[in-house]
Each structure stands twice: as C-alpha cells, then as structure tokens.
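S.K.: Sequence plus the predicted model coming up.
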Amino acid sequence: MRIAQATGFLGSGKTTFLTAMASELRSRGWKVALIVNDVGHINVDQEVIRSKGMEVKEVAGGCICCEVQGTFSTTVMNLHMSFRPDIILVEPTGVAIPWGLKKAVEEATRKSGIDISHAPICTFVDCSMLEEQLIFVGRLIETQIQEADLVFVNKTDICDEESLGRCIGIIKGINPTVKVLHGSGRTGAGVSELADIIVNEESVRYHEAVDGGIFKEQYGGRNE
Ligand SMILES: Nc1nc2c(ncn2[C@@H]2O[C@H](COP(=O)(O)OP(=O)(O)O)[C@@H](O)[C@H]2O)c(=O)[nH]1
Ligand SMILES: [Mg+2]
C-alpha cells in the first residue's frame with residue numbers, strides 16, 4: 001500500500017487538487033482512499049467521492065503531525081483492512097509540516113506492520129498569495145517548502161507568467177534543490193504530471209543533525 005501526503009497553507013488548493021488527483025489515479029486503475037485531517041470545515045464532498053468508488057475517512061481533534069498521530073495509524077490500519085486501497089491520499093491541516101507527516105507514516109508502518117511505500121510529500125503554494133503569506137506566516141510556509149520533497153505552485157489559472165516566475169524564484173531561494181511543478185487543481189493542469197511522480201517516486205526523509213541543521217537522506221527501510 002502506498003501513502004501520499006500533501007501540505008500547504010489553508011486555501012492553497014489541497015482539497016481541490018487531491019480530489020482531481022484521486023479521479024486521475026482511479027482512471028489509471030488504482031483503488032484510492034482519502035484521509036482528511038482538518039480542524040475546521042471539511043471541504044471534501046464525501047458522498048460524491050464514495051459514489052465514484054473511493055473511500056474517505058476523517059481524522060479530527062488535532063494535527064496528524066503531532067496530537068493525533070496514533071489516530072492516524074489506526075485509521076490507516078482500518079482502511080487497509082476494510083477497503084484495501086492501493087493508495088491513500090492524505091490532506092492534513094494547513095499547519096502540518098512534512099517532517100511531522102513523515103514521522104506519522106513511520107509510526108503507522110511500525111504499528112500496523114503493513115508494507116507501506118511513501119510517496120513524495122508535496123507542498124502546495126497558492127501563487128497569488130505567496131508573497132503576502134510570507135509576511136504573515138513566513139516561518140510556517142518556509143518550513144513547509146524547506147522540508148518538502150516537491151513543491152506544486154497552484155492556481156496558475158489566475159497568475160500571469162511574471163508572478164509565476166517570481167513565485168518559483170522565491171521557492172528556489174528557500175529550497176534551492178527542490179523540484180517545482182506548477183498548474184491548477186481547478187483546470188486540471190499538472191494533475192497527470194504530479195500523479196506520475198506520486199506513483200513512481202519515493203519520499204525523502206529528514207533527520208535533524210546534531211548541529212541543529214537538517215540533512216536529507218533517502219527514505220529507507222521500514223524498521224529504521
Ligand atoms: N483559481 C483557482 N482557485 C482554486 C484552485 N484550486 C482551489 N481553488 C479555490 O481556492 C479555495 C481553497 O481551495 P481548497 O481546495 O479548499 O484549499 P485547501 O484549504 O488547501 O484544501 C477554494 O475557493 C477553491 O475553489 C485553482 O487551481 N485555481
Ligand atoms: Mg482542504
């Protein structure tokens with residue numbers, strides 16, 4: 001079974017994009033489940049998703065990065081037993097950071113004994129809002145970009161070339177080596193491209209170095 005997680009600030013378009021991605025994966029023959037972990041209003045139309053042959057579960061009460069990591073593991077195990085998905089797409093809260101999400105998957109793997117492969121964690125960025133958000137919630141967004149396996153610049157349907165270029169420049173300034181894709185969950189641009197990466201590539205894992213810096217290491221065996 002595979003788990004694919006998204007991060008990105010509230011309103012960056014995660015729900016819209018993951019819904020489109022779920023349909024794309026389903027049309028490729030994957031059995032898809034979604035886990036939505038939100039603090040406020042859950043935007044996913046659960047009945048519509050179920051009518052398309054997918055399953056949705058909610059994890060409430062906090063962020064799966066920290067407070068409800070245990071509930072996340074249980075939800076993953078229950079989904080595995082009841083629905084047998086090939087892939088679970090996970091939308092955490094807008095304040096989740098990739099490091100915490102990686103730990104959540106590690107814990108689920110350890111507790112469940114299920115052979116889980118971990119797709120790259122994608123951080124969604126709203127290209128029309130990035131500069132403003134960096135002023136108000138800069139620390140959070142910078143962390144989401146620094147720790148991401150890849151960044152998706154979303155809502156390009158409402159951005160011109162110049163602001164898209166500026167946005168990519170800011171992201172590369174924060175994380176020079178990260179792969180950056182762009183498109184729109186609303187128009188479907190980039191959905192197929194991101195789906196290719198989600199099914200074919202692996203997440204990279206981070207350890208905090210002794211000096212407080214962060215270094216990357218290939219996401220390895222599940223007993224580590
Ligand atoms: N223009 C545009 N709006 C979008 C796009 N994706 C999502 N939105 C809108 O942005 C808002 C937040 O989207 P949502 O998917 O709920 O974001 P989330 O909070 O990250 O899950 C909603 O009003 C969406 O309709 C997009 O690609 N283009
Ligand atoms: Mg959402």
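M.R.: Thanks, I have the structure now. Ligands and ions are numbered 1, 2, ... in the order given.

S.K.: ok, now how distant is the closest residue to ligand 2 within the chain from Leu194?
M.R.: The chain approaches ligand 2 most closely through Thr15 (3.3 Å), counting by C-beta to the ion. C-beta: built from backbone N, CA, C; applies to glycine. In this view, Thr15 and Leu194 are 15 Å apart by C-beta to C-beta, to the nearest Å.

S.K.: between the two, which one's more packed in?
M.R.: Legend: neighbour count by other C-beta atoms under 10 Å for Thr15 and Leu194, higher for Leu194 (24 against 20).

S.K.: Tell me if I am right that the more buried one is in a helix.
M.R.: Yes - assessed with DSSP: H, G, I helix; E, B strand; the rest coil, Leu194 lies in a helix.

S.K.: other SSEs contacting the helix or strand hosting Glu132?
M.R.: If you go by DSSP states H and E, Glu132 is part of helix 130-146. Packed against helix 130-146, as judged by 3 or more C-beta pairs under 8 Å, 6 or more residues apart in numbering; DSSP states H and E, are the following elements: strand 122-126, helix 161-174.

S.K.: Listing partners with orientation, what would you give for the helix or strand just after that helix?
M.R.: Towards the C-terminus, the helix or strand next in line after helix 130-146, according to DSSP H and E, is strand 150-154. Paired with strand 150-154 in the same sheet, following DSSP bridges, are strand 122-126 (parallel), strand 179-182 (parallel).

S.K.: Indicate which one of the ones you listed is closest to ligand 1.
M.R.: strand 122-126 (6.2 Å; C-beta to the nearest ligand atom).

S.K.: how about the helices in this structure?
M.R.: With DSSP state H applied, the chain shows helices at 14-27, 46-51, 69-82, 98-112, 130-146, 161-174, 191-200, listed in chain order.

S.K.: residues contacting Ile121?
M.R.: By C-beta atoms under 8 Å, 6 or more residues apart in numbering, the contact list for Ile121 reads Gln5, Ala6, Thr7, Pro98, Leu101, Lys102, Glu147, Ala148, Asp149, Leu150, Ser203.

S.K.: So for it, what's the pLDDT?
M.R.: Per-residue pLDDT puts Ile121 at 96.

S.K.: Check Tyr219 too.
M.R.: Tyr219 carries a pLDDT value of 39.

S.K.: Pull the number of nearby residues for Ile168.
M.R.: Taking other C-beta under 10 Å as the neighbour definition, Ile168 ends up with a count of 18.

S.K.: ok, now which ones touch the nearest residue in space to it that is not next to it in sequence?
M.R.: In space, not counting the residues next to it along the chain, Ile168 is nearest to Val180; the distance is 5.5 Å by C-beta to C-beta, 6 or more residues apart in numbering. Remark: with contacts taken as C-beta under 8 Å, 6+ apart, Val180 is in contact with Leu150, Val151, Phe152, Val153, Ile168, Ile171, Lys172.

S.K.: shouldn't the fifth one be in contact with Phe152?
M.R.: Right, the one you point to is Ile168. No - under the contact definition of C-beta atoms under 8 Å, Ile168 does not touch Phe152, with a separation of 11.2 Å.

S.K.: Residues of this structure that sit close to ligand 1?
M.R.: Contacts of the chain with ligand 1, taken as C-beta under 6 Å from any ligand atom, map to 8, 10-16, 43, 154-155, 157-158, 184-186.
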